[in-house]
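Colleague: what's the 3D shape of this:
(one chain, ligands or ions: 1)
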Amino acid sequence: MNFNNQKPSEPQVPYPPFLSQPPKKKSRASAKRILTTLIILIVLGFIAFQIIRTPRRKTESITTEKVMSYYSLKKGELFANALSRCEVPDPLARKVIAGLRNCQFNFRQCKTGDRIRIVTEYLKNDSGINSPGVICQIEYQTNYDRIYEIHIDSTQNVSVAMVYKDFQNLTELVKGSIQSSLYESVIVAGEKPVLAANFADIFGWEIDFFVETQEGDSFFILIDKKYDDTIAVDYGKIYLVRYKGKIGDYYGVFYENPKGHYDYYDLEGKSLRKAFLRSPLRYSRISSYFSKARFHPILRIVRPHHGIDYVAPKGTPISAIGDGVVTFAGWKGSYGKLVEITHKNGYKSRYGHLSGFAQRIRTGRRVTQGQKVGYLGTTGLSTGPHLHFELLRYGRWVNPLRIIPPRAEPIKTQYLEEFYQTRDQLLEQLKQ
Ligand SMILES: [Zn+2]
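Modeller: Numbers count the residues shown, from 1 in each chain. Model prediction:
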């Protein structure tokens, strides 16, 4: 557009430029007047020019608009094929792959469901998008918190950065009623199986969800969820759980005292945890129970079995069932490699036939509940990989499956007031 014809014409100057020749004395006053007029005319002309110009500029305004497209890696799909599916031009795709390779990106770790976000930039005027898009950024998310950001500049140069993403934590109430099992009901509520497992763990000593759940029972979980935009990608802390069923109304309240000790407590501040775990290993099967008379498979004689045998793959981690002090860690006859832990209230636990000891497990060391003490094996008098587990009280063997272990420490009196406040605030959120 040519604006020159809109420009006001130059004022007619009756004299040549002032400085080119010294003005005569008698014409000084008129020269001054002309100069003033000239300045006013220039200013007015400039203002008029701006008034004429401004609205035109507005109608011509061009902005850029970024549009995001989301994709995810399909089963068995190569990264390069995914880029092609996402309409990334071949020359750019080659640069992107080279850039990622320089950034130590491991293409073999790409897996189904990895997310790809493509940012395309369009030029836009007031009447809408008026240019073909140009890809300016590609993001690849291998891990939910790790993102490779590929920036593409106007000359199609590629730079790659790996960033750890911050997520938004939102506290939500997950609730539902039991139809067939807790697991299925949690999934029906739109959640992942791990949430059912975590919920069941908190009530581990109170409720046996395999046998004690009934149709119509209800569950409540007040939990933090980590969000990436609008998608929940992970679970955070569980603040409060409630199970209201035919067997009773159970609550679990998360509380951390000022010294950093935390646990789940009932409404009165008693720990939901017991001093001992139900078993020293997860995902196992019992092959031999505690008995006063058992036919020994190797010795081929009938003799008592003072413990429980858990069968699991060799190398399975074995945990201390409770807080205590290691009073033996070494080889002991038919036990093979053995760890013995002395607990409060006259209890001792023994873990035999281990293939090895965990780090820092030595006589005299303190251990906490759930701490790894060793690995399942078949050392000593053993027919195959299994854990021989014993529990003694005041030097006498007891059946670990029969005892009712004491509860873990309740909330200390000095923190009770604070606990009640936390509890009431959480219960309030359960009403939503
Ligand atoms: Zn045994």
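Colleague: okay, CA-based contacts and neighbour counts for the rest of this
Modeller: Will do.
Colleague: now the helices for the chain?
Modeller: Secondary structure of the chain by DSSP state H: the helices cover 28-59, 79-85, 90-102, 182-188, 193-202, 416-430.
Colleague: quick one: closest of these to the ion.
Modeller: Nearest of the helices of the chain to the ion, taken as C-alpha to the ion: helix 193-202 at 26.7 Å.
Colleague: now for Ile341: which residues touch it?
Modeller: Ile341 makes contact with 320, 324-328, 348-350 under the criterion C-alpha atoms under 8 Å, 6 or more residues apart in numbering.
Colleague: which of these ranks first by neighbour count?
Modeller: Within the contacts of Ile341, Ala320 tops the neighbour count with 26 neighbours, counted by other C-alpha atoms under 10 Å.
Colleague: give me the low-pLDDT residue ranges for the stretch 51-200 of the chain?
Modeller: Counting by pLDDT under 70, the low-confidence segments of the stretch 51-200 of the chain come to 51-60, 143-144.
Colleague: JSON lines for the helices of the chain, including distance to the ion and mean neighbour count?
Modeller: Compiled in JSON lines, the helices of the chain are given as follows (distance: least, C-alpha to the ion, whole Å; neighbours: other C-alpha atoms under 10 Å):
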{"stretch": "helix 28-59", "distance to the ion": "86", "mean neighbour count": "13"}
{"stretch": "helix 79-85", "distance to the ion": "51", "mean neighbour count": "16"}
{"stretch": "helix 90-102", "distance to the ion": "53", "mean neighbour count": "16"}
{"stretch": "helix 182-188", "distance to the ion": "33", "mean neighbour count": "19"}
{"stretch": "helix 193-202", "distance to the ion": "27", "mean neighbour count": "17"}
{"stretch": "helix 416-430", "distance to the ion": "43", "mean neighbour count": "15"}
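Colleague: mind giving me TSV with those and columns for distance to Leu376?
Modeller: Putting the helices of the chain into TSV (distance: least, C-alpha to C-alpha, whole Å) gives the following:
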stretch	distance to Leu376
helix 28-59	76
helix 79-85	40
helix 90-102	41
helix 182-188	29
helix 193-202	23
helix 416-430	40
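Colleague: closest one to Thr383 among these?
Modeller: Comparing the helices of the chain against Thr383 with C-alpha to C-alpha, the closest turns out to be helix 193-202 (32.4 Å).
Colleague: remind me what the closest one packs against, helices and strands.
Modeller: In terms of contacts (3 or more C-alpha pairs under 8 Å, 6 or more residues apart in numbering; DSSP states H and E), helix 193-202 is packed against helix 182-188.
Colleague: not counting sequence-adjacent ones, nearest residue to Gln156?
Modeller: Leu92 (7.2 Å; C-alpha to C-alpha, 6 or more residues apart in numbering).
Colleague: which ones are touching Lys314?
Modeller: If you count contacts by C-alpha under 8 Å, 6+ apart, Lys314 has them with 355, 375-378, 385-386.
Colleague: and which of these is nearest the ion?
Modeller: Using C-alpha to the ion, the shortest approach to the ion within the contacts of Lys314 belongs to His386, at 8.1 Å.
Colleague: pretty sure the closest one contacts Ile308?
Modeller: No: in this structure, His386 sits apart from Ile308 without contact. The criterion is C-alpha atoms under 8 Å, and the distance is 9.8 Å.
Colleague: neighbour-wise, which of these two wins?
Modeller: Neighbour count, other C-alpha under 10 Å: between His386 and Ile308, His386 has more, with 29 against 23.
Colleague: which residues touch that one?
Modeller: Going by C-alpha under 8 Å, 6+ apart, the list of residues near His386 reads 309-314, 353, 376-378.
Colleague: before we move on, what about Thr112?
Modeller: Neighbour list for Thr112: 72-77 [criterion: C-alpha under 8 Å, 6+ apart].
Colleague: mind redoing it with 10 Å?
Modeller: Residues counted as contacts of Thr112 (C-alpha atoms under 10 Å, 6 or more residues apart in numbering) are 72-78, 142.
Colleague: same check on Gln214?
Modeller: Contact criterion C-alpha under 10 Å, 6+ apart gives 177-182, 245-247 as the residues in contact with Gln214.
Colleague: again, 6 Å this time
Modeller: For Gln214, no residue counts as a contact, taking C-alpha atoms under 6 Å, 6 or more residues apart in numbering as the criterion.
Colleague: whichever residue of the stretch 101-250 of the chain sits closest to the ion: neighbouring residues, count only.
Modeller: When scored by C-alpha to the ion, the stretch 101-250 of the chain has Trp205 as its residue closest to the ion, at 24.7 Å. The local packing count at Trp205 equals 17, with neighbours defined by other C-alpha under 10 Å.
Colleague: what about stretch 352-361, start to end distance?
Modeller: 14 Å (C-alpha to C-alpha, to the nearest Å).
Colleague: so how far is it off the chain centroid?
Modeller: Taking the mean C-alpha point of stretch 352-361 and that of its whole chain, the gap between them comes to 32 Å (C-alpha atoms, centre = their mean, to the nearest Å).
Colleague: and for stretch 359-375?
Modeller: Taking the mean C-alpha point of stretch 359-375 and that of its whole chain, the gap between them comes to 29 Å (C-alpha atoms, centre = their mean).
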